[in-house]
Each structure stands twice: as structure tokens, then as C-alpha cells.
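J.: sequence and predicted model, in that order:
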Amino acid sequence: MTKPRLFSGMQPSADSLHLGNFIGALLNWRDMQEEYDAIYCVVDLHAITVDQDPKQLREATRRTAAQYIAAGIDPSKSILFVQSHVHAHPELAWVLNNITGFGEASRMTQFKDKSSRYGSDKTNVGLFTYPILMAADILLYDAEVVPVGEDQKQHVELTRDLGERFNARFGRTFVIPEPVIPKETGRIYDLQDPTSKMSKSAASEKGVVWLLDEPAANAKKIKSATTDSIGVVQYAPTEQPGISSLLTIYSALSGRAVDDIVNEYAGRQYGPFKAGLAEVVAQTLGPIRARALELLDDPAELDRILADSAERAAAIADATVRKVYDAVGFLPRRA
């Protein structure tokens with residue numbers, strides 16, 4: 001039986017992914033590749049909506065791909081490729097730009113937030129059309145399912161609107177995708193500010209657990225994580241957001257229920273709990289870090305894996321672009 005198609009991706013916007021990326025995305029991606037025809041992408045075209053150093057971007061792209069694989073994304077089960085290696089992405093995005101209303105694009109929350117933060121002079125057109133390129137990413141592959149964070153749900157809704165609009169104007173061409181939003185336990189918060197999501201762009205690295213950091217560095221961050229003066233290990237997100245966030249991490253990485261962990265540390269202070277969590281983090285991330293660094297030590301082999309996957313992705317994406325070009329009336333190029 002044919003598996004339903006899935007598409008998702010992350011930007012190569014830092015040298016290392018963080019614990020929030022791992023729990024919120026990669027763990028789900030690893031499991032979902034067993035039941036879906038999964039396509040995972042390092043979305044480097046999206047990354048250049050902000051200034052990038054070319055050398056650093058290339059390195060971050062390889063490092064992100066290596067961490068995908070090290071975290072369990074299997075290129076023999078899934079397609080894992082770099083977005084810029086498949087030229088169909090910007091080709092389809094241009095067509096979709098022309099069926100997207102200016103007001104419709106202006107209402108995208110992320111664009112409004114970032115443009116108000118940076119100002120119009122420092123906001124480029126790429127940031128404005130980012131959601132349309134994301135729609136192209138998804139629609140190219142007939143994806144039925146798109147696992148995304150809550151902050152990207154609006155972009156998937158735009159993707160659905162554009163796919164339906166194109167189908168209505170030009171005939172059925174695109175599969176209309178459904179977003180899959182991770183459960184609340186997939187949302188990981190900053191260790192120093194447990195009301196904010198863990199982020200690559202955090203003001204301070206003290207609250208971010210990086211997958212490629214030395215275990216001792218991550219243990220230090222966990223042991224100094226913000227908690228409270230109550231001194232009771234319990235899951236109470238409103239009253240105790242810090243300790244509740246740490247319990248979420250502990251549960252996600254250990255596979256144990258939060259209540260089970262709470263019972264283990266009943267009557268004990270935060271110190272033993274944080275030490276236990278640090279050990280779980282080290283046991284989980286240690287092998288991932290080792291495998292990622294091994295892959296990065298052989299960039300030619302990593303590039304070969306990505307090139308092979310890009311060919312597989314392009315075979316699907318190019319066929320979609322041919323259908324779209326024919327539907328809108330472009331004159332086909334003859335050999």
C-alpha cells in the first residue's frame with residue numbers, strides 16, 4: 001500500500017540545532033518516516049531572507065543535514081535534501097506569487113512581527129514572499145501532511161488556499177496538505193526564560209541546549225536553569241513554568257510519564273532533579289553529537305548522500321513544475 005506523503009524542513013540558521021528542534025521536530029520526523037513517504041529538507045533558500053556569510057551558510061547547511069541523519073532521519077527511508085539543490089522550488093514560487101494577493105501576504109503574522117521589529121528599510125521582499133516559497137516547497141511534492149510548529153500553521157493555511165485557488169483556476173494539479181501540530185510536550189522553552197521558546201536567535205545562549213555542544217556545557221546550563229523558590233518538583237506550568245519545562249524535557253527524552261518522574265523526585269530538592277535531567281540529556285545527545293561529527297569529518301560522503309536525495313526530490317518536483325507550466329499556458333521548450 002502506498003504511504004501518504006509528508007514534507008517538512010528547517011533552516012540552517014546556526015552551527016548547531018538545539019534541544020527544541022530535536023524534541024519538537026526531529027523526534028517526530030524520525031518516527032513519522034516509518035508510516036509516511038517522508039521528504040525532509042534543509043531550507044537554505046529561506047535562510048537568506050536575513051544576511052548570511054556565504055561560507056558560514058554552506059557550513060551550517062552541511063551541519064544541519066548531518067544532525068538530521070544523526071538524530072535518526074534515514075536517507076534510505078526518507079528523502080533528505082538541500083532546498084537550493086532543486087531548482088523547482090523558486091520556479092513554482094514565482095507562479096504562486098502571481099496568484100497571491102498583496103493584502104493576503106501582508107497579513108502573515110511572522111512578516112508583520114519581523115517587519116515591525118526591523119523597520120521597512122531593513123525588511124526585504126524575500127521575507128515578504130517567504131510563505132509563498134514555503135507553499136511551493138510543500139505543493140511540489142504532493143504532500144498530504146506537513147508537521148509544523150504552531151507559529152507556522154498560518155503558512156500552511158496559505159499553502160492550502162493557494163493550492164485550492166490554483167486547482168479552481170487551472171484544473172486539479174495540487175494535493176491539498178493538512179498541518180500536523182506537535183502536542184504541547186513538543187514545545188521546549190528557554191532554560192533562562194521559561195516563558196519563551198528555545199530559539200537559535202535567543203538573546204543569551206545560557207538558555208539554549210545545543211545538540212553539538214560538549215555534554216559538560218549542556219549539563220552546566222541545565223543545573224543553572226531558572227526554576228523558582230517553591231522547591232517542589234511538580235508539573236504546574238502557570239505557577240512553576242521553569243520546573244515544568246524541565247519535566248517536559250525529561251519526559252520527552254526518557255520516554256517516561258511526567259507523573260512518574262515527579263514521583264521519583266517527591267520530597268527532594270531541585271538539585272538532584274536537575275542532575276538526573278543532565279544525565280538523561282547527555283545519554284540522548286551524546287551519540288547524536290558523535291554521529292554528526294563523524295559525518296562532518298567526511299564532507300564528500302555527506303555531499304554524496306545529499307546529491308543522491310536531491311536527484312530523487314527533483315524527479316518529483318520537476319514533474320510538478322511541468323504540470324503547472326502546462327496548466328498556466330507556458331510554451332514548452334522543444335529539444
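T.: Here it is on my side, so go on.
J.: quick one: the strands in the stretch 151-300 of the chain?
T.: 178-180 (DSSP state E, counting those that start in this stretch).
J.: which residues in it form helices?
T.: For the stretch 151-300 of the chain, the helices defined by DSSP state H, counting those that start in this stretch occupy 153-170, 215-223, 241-254, 258-264, 270-296, 299-328.
J.: kindly provide the whole-number mean pLDDT of the first one.
T.: Here the mean pLDDT over helix 153-170 is 95, rounded to a whole number.
J.: picking that back up, as a markdown table, the helices of the stretch 151-300 of the chain with distance to Arg334 would be great.
T.: Yep, even glycine has a C-beta here, placed from its N, CA and C like the rest. Converted to a markdown table, the helices of the stretch 151-300 of the chain look like this (distance: least, Cβ to Cβ, whole Å):
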| stretch | distance to Arg334 |
| --- | --- |
| helix 153-170 | 22 |
| helix 215-223 | 58 |
| helix 241-254 | 55 |
| helix 258-264 | 63 |
| helix 270-296 | 43 |
| helix 299-328 | 14 |
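J.: tell me the most buried of those helices?
T.: Highest mean neighbour count of the helices of the stretch 151-300 of the chain: helix 241-254, a mean of 22 (counted as mean count of other Cβ atoms under 10 Å).
J.: just the C-alphas of that one, formatted as PDB.
T.: Presented in PDB, the C-alpha positions along helix 241-254 are these (Å, rounded to 0.1, in the frame of the first residue of the first chain):
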ATOM      1  CA  PRO A 241       7.000  27.300  34.400                       C
ATOM      2  CA  GLY A 242      10.700  26.600  34.800                       C
ATOM      3  CA  ILE A 243      10.500  23.300  36.600                       C
ATOM      4  CA  SER A 244       7.500  22.300  34.400                       C
ATOM      5  CA  SER A 245       9.600  22.900  31.200                       C
ATOM      6  CA  LEU A 246      12.400  20.800  32.600                       C
ATOM      7  CA  LEU A 247       9.900  18.000  33.400                       C
ATOM      8  CA  THR A 248       8.700  18.200  29.800                       C
ATOM      9  CA  ILE A 249      12.300  17.700  28.500                       C
ATOM     10  CA  TYR A 250      12.900  14.900  31.000                       C
ATOM     11  CA  SER A 251       9.700  13.100  29.800                       C
ATOM     12  CA  ALA A 252      10.400  13.600  26.100                       C
ATOM     13  CA  LEU A 253      13.900  12.300  26.300                       C
ATOM     14  CA  SER A 254      13.400   9.400  28.700                       C
END
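J.: what comes into contact with it?
T.: For helix 241-254, the external contacting residues (Cβ atoms under 8 Å, 6 or more residues apart in numbering) are 19, 23, 27, 185-189, 191, 194-195, 222, 225-228, 233-237, 256-258, 261-262, 270, 273-274, 276-277, 280-281, 284.
J.: could you report the neighbour count for Gln110?
T.: Neighbour count of Gln110, defined by other Cβ atoms under 10 Å: 14.
J.: if I pick it, what's in contact with it?
T.: Gln110 touches Tyr130, Pro131, Asp151, Gln154, His155, counting by Cβ under 8 Å, 6+ apart.
J.: can you redo those residues as a markdown table with distance to Val324?
T.: As requested, these are exported to a markdown table (distance: Cβ to Cβ, whole Å):
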| residue | distance to Val324 |
| --- | --- |
| Tyr130 | 20 |
| Pro131 | 18 |
| Asp151 | 28 |
| Gln154 | 23 |
| His155 | 20 |
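J.: ok, so of these, who is nearest Ala71?
T.: Proximity of the contacts of Gln110 to Ala71 (Cβ to Cβ) peaks at Asp151, which lies at 21.1 Å.
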